[in-house]
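Visitor: Just need the structure, nothing else, for what follows:
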Amino acid sequence: MLMPWPNRVASGAYSFNGQRYELPVNEAATGSALHGLALWSGWQVERRGDSEVVFTHLLHGEPGYPFQLALSARYALDADTGLHVELGAMNCGTAEAPYGTGSHPYITVGGEDISTCELSFRAGKVLQTDEKLQPTELLETPDTDFDFSQPRVLAGQSFDHAFTDLPAGRWDVTLRNPALELSAVVESTGTQAPWMQLYSGELRGRRGLAVEPMTCPPDAFNSGQDLVVLKPGGSHSLTYRIHAVQG
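Guide: Predicted coordinates for the structure are as follows:
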């Protein structure tokens, strides 16, 4: 669960409502604050059943993020429609809070190197980054090697990029293993998740493709692009699902 921001905040520093804040830098290679404050926290099991579990976590705030959020994550499994995920946040503090969220599932089909799989998705733009993975420019995907509007084999292709200009309604990313005639699909909506990050899992031996629905791009705490501002008492939710397709 990537809360209260997904991806990276450059140098761990940002300004909000005229105040400068400094977050813990937890990725030395890029000098960034990565993946929010709740990823490694202890979450409580709010309720559980045969096919669902709901976790909650109270983010008390800290000097770099002095905002109080009540966070939740619901996972529900359905035999026909797959795994449904809902991430929620409510501002239980007294001040406006900058907020973004995302999730970081790895998908695989057969558990082998994803290089033999076919990938397909539609995204009009891809965000280019510098050597520290900080945003530089937004390019049209047809002008790059990241156009997967038609299925392409992943051999020789690496990702650690954010994409936007996704289909306005439902968008999906499909990873297909031709040998097994089986696909794994991640899907969400462009209104809830106008961004997604793809990472080809080099640090995991390319045995899974990270498909990360996101509400905002990397470093949104500084750019302000698609940043959610939660007013006291305000709430936000992001939903997506993962499912399999035979054929």
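Visitor: Tell me which stretches of this structure form helices.
Guide: Taking DSSP state H to define them, one finds helices in the chain at 220-223.
Visitor: Listing request: residues of it with sub-threshold pLDDT.
Guide: Scanning the chain for pLDDT under 70 picks out no residues.
Visitor: Looking at it, which residue reaches furthest from the middle?
Guide: Largest separation from the mean C-alpha position in the chain: A179, at 28.7 Å (Cα atoms, centre = their mean).
Visitor: For E112, see how far away that one is.
Guide: Using Cβ to Cβ, to the nearest Å, A179 is found at 9 Å from E112. For glycine as for every other residue, the C-beta is placed from the backbone atoms N, C-alpha and C.
Visitor: Then P105?
Guide: As judged by Cβ to Cβ, P105 and E112 stand 18 Å apart.
Visitor: beta partners of the residue lying closest to P98 once chain neighbours are set aside?
Guide: Nearest residue to P98 in three dimensions, chain neighbours excluded: F16, at 5.0 Å (Cβ to Cβ, 6 or more residues apart in numbering). When assigned by DSSP bridges, F16 has beta-bridge partners Q19.
Visitor: In this model A220 seems to touch F16, though I could be wrong.
Guide: No. Using Cβ atoms under 8 Å as the test, F16 is too far from A220 to be in contact (11.2 Å).
Visitor: which one of these two has more residues nearby?
Guide: Higher neighbour count among F16 and A220: A220, with 25 against 18, using other Cβ atoms under 10 Å.
Visitor: With adjacent residues omitted, what lies nearest to the more buried one?
Guide: In this structure, A220 finds its nearest non-sequential neighbour in L227, 4.7 Å apart by Cβ to Cβ, 6+ apart.
Visitor: residues in contact with the one you found?
Guide: P98, Y99, G100, C216, A220, F221 (Cβ atoms under 8 Å, 6 or more residues apart in numbering).
Visitor: The fifth one and W5 touch, don't they?
Guide: Which is A220. Yes. Between A220 and W5 there is a contact at 6.8 Å, judged by Cβ under 8 Å.
Visitor: Find residues that contact each of these two.
Guide: Here A220 and W5 have G100 as joint contacts, going by Cβ under 8 Å, 6+ apart.
Visitor: Next, the residues that contact stretch 9-16 from outside, please.
Guide: Stretch 9-16 has contacts (Cβ under 8 Å, 6+ apart) with 20-25, 31-33, 64, 98, 132, 134, 219, 221-222.
Visitor: in it, what's buried?
Guide: Under the neighbour-count criterion of 16 or more other Cβ atoms under 10 Å, stretch 9-16 has V9, A10, S11, G12, Y14, F16 buried.
Visitor: circling back: is it true that the residue farthest from the centre of the chain touches G110?
Guide: Yes. The pair A179 / G110 is scored as a contact, 7.5 Å apart, by Cβ under 8 Å.
Visitor: end to end, how far does stretch 185-201 reach?
Guide: End-to-end distance of stretch 185-201 (Cα to Cα, to the nearest Å): 17 Å.
Visitor: Give the buried residues for it.
Guide: 185-190, 192-201.
Visitor: From the residues you listed, which land in strands?
Guide: In strands, judged by DSSP state E, the following of these are found: V185, V186, E187, S188, T189, W195, M196, Q197, L198, Y199.
Visitor: May I see those organised as TSV, with distance to G247 added?
Guide: Output for these, formatted as TSV (distance: Cβ to Cβ, whole Å):
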residue	distance to G247
V185	12
V186	18
E187	17
S188	22
T189	24
W195	29
M196	24
Q197	27
L198	23
Y199	27
